[in-house]
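Colleague: kindly generate the corresponding structure for this input.
(chains A and B)
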Amino acid sequence: MQALLKIDTRLIYLLTFVVVAVAVLATLGLPVRVTPPTKALYDFVEKLPAGTLVWVGMDYGPGSKSELDPQVVAFFHHVFKKDLKVVIHSMWTMGGKIGQELVEPIAAQYGKEYGRDWVNLGYKPGNETNLRLCTSSIKECAANVDHLGSSLDHLPLMQQARALDKNTFGLAITFNTGTPGIREYLAIVQAEKQLALADGTLQMSVPEDIPFFQSGQLVGMFPGVRGAAEYEVLVGVKGAAVKAADGQSLAALYVAILVILGNIGYLTARRAATAQ
Amino acid sequence: MDGGTLTAALVTLALWTYLYKDNPIFRLAEHLFVAFSTAWWVGELYRNYVKPVVLEDILQQGRWGMVLALLLGVILYARFVPAISWLARYPMSWMLGYGAGYVLAFQVKPLVGQITGSFLKFGSINSVLLWICIVSALVYFFFTISRENVAVSSVATFGKWVILVALGAAFGNTVLFRYTLLMGRVEFMLRDVLKVAQ
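Modeller: Take a look at the predicted model:
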């Protein structure tokens, strides 16, 4: 049993790869139970009247794509199904580009026109200072240009989207991975402007962010990629998230087995040492 | 396979070689990453800060008031010249003062929501449990009452376990997040490079 403490780490890595590859190659279709934060967000979006403006913060970089991209995709399927209008903004340099690449095909699928149904302001430097400026004038915080460099004056949706406040928008959501992210939105958009706020976050940030949902400061949230899988189930769209959630479930099982084996090895070694 | 996909695949494989042991291929990929990200940031900072502020706002539009901010920024680098390094303290103190003021003015409000959210509500068992856990965890950090008191000691011990459970949950979530990152890379290798997955 003490051999369990001497397993070659390279073997553990190899098995890790095999476990993840199985999840990628096979469609396991493990059951997905919808949790309250995801359901609350879905219900909130469901109740928004058609034509309502939704502000989407794309506040992450390529390092978090594997968890946050499925959330963005699932959310936009719902938003466009509901005929809501969207303004995308990013406090992260790559956020605008990631948003454009993700949203364009979904918008085309639902026949949504750029400029009329959705606008991507792209990356705007200045972190929370810029976000604060958006609450008084979007035109000013965006320097009057969108992600592609076009003037906002030529985009009909921007005649309606003047400022990031509760009189203009029905919901703000930030898909975020750190700073700037949800903390800035909580202080500026939720606490000051009283605008309904939601959060799309990484699995590792869930314990930090979920208290904001429990306290009622967030109307809902995506708790990691599992949240995206739950949202896909609610919206009725088959995407990458359910598969990623399968991978997470397998990985959790694999890690749990390793932890049990490691503990058996440790306890056996300790007992043997005590006996001597 | 296009050049970008091939490069990404090769760099991914180069990084994975570290799992066997440290080697020059891994080091090359690591240095490439540092070099490219530095170059990326230099470009981004020029495009988003230097060009719009220095070239457009100051030189083209004549907003000369911004020179003062620019000057404060330049003075930060005085710390690299020993004779005038004291000058760097002025912009630094400005930044610290602004930062502290900003946090006090705007970051406290969300905390109020957290505090009111943790008030005891007898409507649900979860709320009562949450309240007990919060109070116990706070007692653990309360060192002005002697732990010789059995009641305080018991609550503090329970609070310690609450903190350990919370840390365990955070660690578990972090492990799962890392697996999702790995899954993204494995999916890229199997689907986009080897084309064996859908």
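Colleague: I'd say residue B:166 and residue A:206 touch.
Modeller: No. Using C-beta atoms under 8 Å as the test, residue B:166 is too far from residue A:206 to be in contact (11.8 Å). For the C-beta atoms, the positions are set from N, CA and C on the backbone; glycine is no exception.
Colleague: tell me which of those two has more neighbours.
Modeller: Using other C-beta atoms under 10 Å in any protein chain shown as the criterion, residue B:166 and residue A:206 rank with residue A:206 on top: 24 against 13.
Colleague: can you give me the helices in chain A?
Modeller: A:9-25, A:36-47, A:65-81, A:95-109, A:127-134, A:138-141, A:157-160, A:182-185, A:206-214, A:224-235, A:240-275 (DSSP state H).
Colleague: what's the closest of those helices to chain B?
Modeller: helix A:65-81 (2.9 Å; C-beta to the nearest C-beta).
Colleague: reformat the helices of chain A as JSON lines; add mean pLDDT and distance to residue B:175.
Modeller: Listed next are those as JSON lines, based on pLDDT from 0 to 100; distance: least, C-beta to C-beta, whole Å:
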{"stretch": "helix A:9-25", "mean pLDDT": "91", "distance to residue B:175": "11"}
{"stretch": "helix A:36-47", "mean pLDDT": "98", "distance to residue B:175": "20"}
{"stretch": "helix A:65-81", "mean pLDDT": "96", "distance to residue B:175": "13"}
{"stretch": "helix A:95-109", "mean pLDDT": "97", "distance to residue B:175": "25"}
{"stretch": "helix A:127-134", "mean pLDDT": "94", "distance to residue B:175": "30"}
{"stretch": "helix A:138-141", "mean pLDDT": "95", "distance to residue B:175": "38"}
{"stretch": "helix A:157-160", "mean pLDDT": "96", "distance to residue B:175": "42"}
{"stretch": "helix A:182-185", "mean pLDDT": "94", "distance to residue B:175": "22"}
{"stretch": "helix A:206-214", "mean pLDDT": "92", "distance to residue B:175": "13"}
{"stretch": "helix A:224-235", "mean pLDDT": "94", "distance to residue B:175": "12"}
{"stretch": "helix A:240-275", "mean pLDDT": "90", "distance to residue B:175": "6"}
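Colleague: save these as CSV, and put in distance to chain B too.
Modeller: CSV is the format used below for the helices of chain A (distance: least, C-beta to the nearest C-beta, whole Å):
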stretch, distance to chain B
helix A:9-25, 5
helix A:36-47, 11
helix A:65-81, 3
helix A:95-109, 12
helix A:127-134, 8
helix A:138-141, 13
helix A:157-160, 20
helix A:182-185, 7
helix A:206-214, 5
helix A:224-235, 5
helix A:240-275, 4
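Colleague: skip the chain neighbours and tell me the closest residue to the residue sitting nearest the centre point of chain B.
Modeller: Compute the mean C-alpha point of chain B, and by C-alpha atoms, centre = their mean the closest residue is residue B:174, 13.8 Å away. With sequence-adjacent residues excluded and distances taken as C-beta to C-beta, 6 or more residues apart in numbering or on different chains, residue B:174 is closest to residue A:204, at 4.1 Å.
Colleague: can you get me a residue count around residue 146?
Modeller: No chain was given, so I picked chain A. 22.
Colleague: could you do chain B instead?
Modeller: 8.
Colleague: elements contacting the strand or helix carrying residue B:172?
Modeller: Assigned by DSSP states H and E, residue B:172 falls within helix B:150-187. On a contact count with 3 or more C-beta pairs under 8 Å, 6 or more residues apart in numbering or on different chains; DSSP states H and E, helix B:150-187 meets helix A:9-25, helix A:65-81, helix A:206-214, helix A:224-235, helix A:240-275, helix B:125-140.
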